[in-house]
Every structure is written in structure tokens, then in C-alpha cells.
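# based on what follows, work out the 3D shape:
(chains A and B)
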Amino acid sequence: MSETAVLYDHPGPRALRRARLASVVGAVVVLAVVAGVFARFYQRGHFDGVKWEPFSDPDTWRAIGDGLVNTLRAAALAIVLSMVTGVLLAVGRLSDRRVLRLPAVTVVEFFRAVPLLMLIFFFFLASPNTLGSYGALVAGLTLYNGAVIAEIFRAGILAVPAGQREAAHAIGLRPSQTMSLVLVPQAVRSMLPALISQTVVVLKDTSLGYIVVYPELVRIGRQIYDNFFNIIPSIIVVTVIYVSMNMLLSWVAHRLERRTRRQYGKAVLSADVDTGAAV
Amino acid sequence: MDTLLDNLGQILDGFQLTLVLFAGGAVVALVLGTVLAAMRVSPVAPLRWAGTAYVNVVRNTPLVLVFIWVVFALPELGIRFSFRTFAIMAVGFYTASFVTEVLRSGVNTVNPGQAEAARAIGMTFGQTLSQVVMPQAFRSVIPPLGSVLIALAKNTSVAAGFGIVEATGTLAELARDFPQALYWLFFGIALGYIIIVAVLSGVFRVLERRLVVVR
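This is a model prediction of the structure:
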């Protein structure tokens, strides 16, 4: 752990002995807590074979697969639509014209301040028949994440060296050409990691579909445990699926970020943009 | 418009509950997040692993799923509270993982000389962390901490899906009774959230100006 080594010196023999003792004690405490939780679940029969039996049935996994597909379907459509929304809003916000800038700023600030669940409720209640739970979920995700992605885009475009914009103006490009031919293509590269981190957020947020009874992964998990009364095994399975998907995506984003930083000097980090951190 | 004004009392009750969830969740998240951050930078490997595991699992779990764990799985462990307390715990546990990451990156921005000087005058690891490093880290993390807490304020809305009628739940209830007033209700309640977010970001901007350390 070289990054935290600042907090302590190279340990001498006594410090090493103490650290080893603390490690043993710490390990015992951590293991005791984990074991206590497991023992309790075991005691209550949550790890009985019966409770896990549904997971040996291919039909259960087919249902989980359907739920996963529904989750990914909503996430994919929402990501594509919110990218489009985000680009339009960012370009509007960076425009020289006030007629474009003001509405873009208003829309971005509004959708960043309103909770996503409330947007989903609104669309669901406004047109339950035409949109349905899927449409309401995607519409809510699109507007909320569109506003967040607009901010990522804006940060990316502002991070392109000023000389690029000036050079584009100097060779006579119009502002719209400067944006589309010079700034956006360069900005996209540095924003890629932040955009991928945002897909993790979108993926997690599709679970709000649970509340409007869209049959995504969490809702399917709920159906499984309502059927088989095996709540702990079901939510363990759903949690493992979510955590592994998201860790994989975060890992990809991290790799890209390192590569981008190596090649272009810097990347727009999601931490640099006020993304309203998750959900 | 009339519907909005007629039901203002109910809407304000909803926002009161939202603020209770926010305040409770913020306390849980800051305390637990600080403890976990200390674990993640500690010289004791098992504690470090436990902290890392918590952050990786909870941060990658959807908040809805965290709610399900807290509301339905904790009672199986024999832990029972009111739904309101459970909601506070759920948003608190979830937000704690983000607070931990913010604080940990804050610790890494503190000048190594500070910790070395603290050790040179004979402070122990605990003293170094609590008296020297953490106070400085807290200041440099004010802006990201602000966005985490703003996210927390908005995340309290998920409690609406678990039988708690806070502001977002009020929208669902009132819109069922007065479907024709949906737009007024939506923009009225949205305004409430906008005010909360604006106040929070204002507070954090002031804090940032007051506390930020020049290095």
C-alpha cells in the first residue's frame, strides 16, 4: 500500500510485532462478525438446502435471465438516449447565443436537482398506458442522466486546450463547425472513462423500476422469494449479479482512464464533475 | 394550483420526513464513512480488507437492493426497528461507501510532511490520523462531500418505494387522489427539492470558502 505509506514509517521490529498482533485481533473481529451473521442466518434455516433448491431449477435461472435482459434493455436504451440528450444540452449550454444557453442551463439544473424516482413516478402517472413502467423508467433515466452527461461533456469540451478553439476560429471555421469538427471529437476521448462510470450509475438506477413494478432483476428476485420464501438466498444471488456487473464496468473505466491519461496527459474524471454521485 | 395549495400541509409533512431521513442518513453516513475510511488506511491488513470489501460491495449495489437488505433481511437477524429507522439506515449505509471513498482520496492529498512531523513529535498512529491528517483531509474533501450529501438528499426519495410517505411518496399519493393536478403537484414538489439542493450547495460553497486550506 504505497499510497497510504505516508501515514506510517517503515516499521521496526517492535512495530512489526504490534502490527502482526493487531492484524490477528482485527482478523478475529472481522471474522467473528461475518461468522455471527452467517450463523444467525444458518440458525434460522436460510441456508437449508430447501431454500436454495429453486436455484437448481433451470426455470429460476431463465426468470433471472429475463430479468437481467430487462435490466440491460432499459439501461442500454437509457444510455443511448441520454447521450443524445446530453450532447444537445452541453452544446446548448456552451453556445454563444443566449436563446440556446438559458433553456439548456434551466433544463440541466432542473433535472439534476429532482430525484430520479420522482421523475419516474411522474412519467408513470402522466401516461400509464402509453409509456408503461418501461417507458417511464427509460424516460426518467434519460432526462436525469442526460443532464449529468451534459455536465460531463461540458467539462470535457472545456478541457480541450484553448489553442484548438482559437486555431479553428483562425482558419475561418464557424462556431458550429469548431464544435463539431474540432472540440467534440477531442473531448469524447478524454470523457470516455467518466461516461463508462456513468453507465454503472444507470445500470444501478434501473433497479428503481422495481418500485413501478417493471420486471427487472430486483423485481424478479422479489418474485422468486415471494414464491419460495427464500429471501436471503434470492437477494444474495441478485446482489452478486449486480456487484459483479458493476465491478467489471468500473474496472473497464479505470483501465481506460489510465490509458487515456498516459496517451493524452489527462482524463476527465467523474470525480471532477459534479455528477451528484450515484443514483 | 388549488390542489397544490389545498394540500400544502400534507406536502410540507412529506418534506419534513424527507429532511428527517436526510439528517439521520447524513449522521449515519458520516460516522460510518469516517470509521471505514480510517480502516481503509490503517496498518492493520484485515481491517483494510474489510473496509475495501464493504465499499466495493455497497457502492456497486443499487440503493433499492440495499433497502431490501435492510428492511427484509435485518429482521431475519433479529434486528427490528421502525420503517423510518430502517430507511435512515439504508440511505446511511449506502452513502457511507461514497463518504469513505471521498475521505480516503482526501487523506491522500494531505502533505506527507504533516504525518511525518506528527510522528516526529511522538504522536501515535491514531493521534496522527485524528489530530493531524483527518482535519486537513476533511477540508479538502468539502466539495465532493457536498455532492455526496446532495445525492443523499435526493436518494431519500427511494424510501417512497418502501411504504414511507416522504415528499416523493406524497406526490404518488396526491396524484392518485387528484390526477388532473399532476403537473402542478410535480412542479410544486420539484420546487421543494430544488430548494433543498440549492441550500445544501450554498452551505457547502460557504464552507469551502471558509475552510479550504491553501497548500
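# can you spell out which helices and strands pack onto the longest helix along chain A?
Looking across chain A with DSSP state H, the single longest helix is helix A:58-94. Secondary-structure packing of helix A:58-94 (3 or more Cβ pairs under 8 Å, 6 or more residues apart in numbering or on different chains; DSSP states H and E): helix A:98-113, helix A:132-159, helix A:184-205, helix A:217-228, helix A:231-264. C-beta coordinates here come from the backbone N, C-alpha and C atoms, glycine included.
# mind listing what's buried in it?
Using 16 or more other Cβ atoms under 10 Å in any protein chain shown as the test for burial, helix A:58-94 gives A:60, A:63-64, A:67-68, A:70-71, A:74-75, A:77-79, A:81-83, A:85-94.
# and the pLDDT at A:Leu269?
If you check A:Leu269, the pLDDT there is 55.
# now A:Lys51
81.
# let me see the contact set for it.
A:45, A:228-230, A:232-233 (Cβ atoms under 8 Å, 6 or more residues apart in numbering or on different chains).
# try it again at 6 Å.
A:230, A:233 (Cβ atoms under 6 Å, 6 or more residues apart in numbering or on different chains).
# that one sits in which helix or strand?
Following DSSP states H and E, one finds A:Lys51 within helix A:49-52.
# buried set for that helix?
Buried residues in helix A:49-52 (16+ other Cβ under 10 Å): A:51-52.
# likewise for stretch A:30-43?
Buried, per 16+ other Cβ under 10 Å, within stretch A:30-43: A:30, A:41.
# output it as PDB - backbone C-alpha positions only.
What follows is stretch A:30-43 as a C-alpha-only set of coordinates in PDB (Å, rounded to 0.1, in the frame of the first residue of the first chain):
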ATOM      1  CA  VAL A  30     -13.900  -9.200  11.300                       C
ATOM      2  CA  LEU A  31     -14.300 -13.000  11.000                       C
ATOM      3  CA  ALA A  32     -16.400 -13.100  14.200                       C
ATOM      4  CA  VAL A  33     -18.800 -10.500  12.800                       C
ATOM      5  CA  VAL A  34     -19.100 -12.300   9.500                       C
ATOM      6  CA  ALA A  35     -19.400 -15.700  11.200                       C
ATOM      7  CA  GLY A  36     -22.000 -14.300  13.600                       C
ATOM      8  CA  VAL A  37     -24.200 -13.100  10.700                       C
ATOM      9  CA  PHE A  38     -23.800 -16.400   8.800                       C
ATOM     10  CA  ALA A  39     -24.500 -18.400  12.000                       C
ATOM     11  CA  ARG A  40     -27.600 -16.500  12.600                       C
ATOM     12  CA  PHE A  41     -28.900 -17.000   9.000                       C
ATOM     13  CA  TYR A  42     -27.900 -20.700   9.300                       C
ATOM     14  CA  GLN A  43     -29.800 -21.000  12.600                       C
END
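# does any part of that stretch sit near chain B?
Yes: on the criterion Cβ under 6 Å from any Cβ of the partner chain, stretch A:30-43 is in touch with chain B at A:30, A:40.
# now do that stretch: distance to the chain's middle.
31 Å (Cα atoms, centre = their mean, to the nearest Å).
# distance between the ends of stretch B:106-114?
Start-to-end span of stretch B:106-114 (Cα to Cα, to the nearest Å) is 14 Å.
# now do stretch B:71-80
Per Cα to Cα, stretch B:71-80 runs 9 Å from first to last residue.
# mind listing residues that contact it?
With Cβ under 6 Å, 6+ apart, stretch B:71-80 has contacts from A:40, A:44, A:231, B:86, B:162.
# how far away is A:Arg222 from A:Ala150?
With distances taken as Cβ to Cβ, to the nearest Å, A:Arg222 is found 34 Å from A:Ala150.
# these two: which is more packed in?
Between A:Arg222 and A:Ala150, A:Ala150 has the larger neighbour count (other Cβ atoms under 10 Å in any protein chain shown), namely 28 against 21.
# verify the contact between that one and A:Gly86 for me.
Yes: between A:Ala150 and A:Gly86 there is a contact under Cβ atoms under 6 Å: 4.5 Å.
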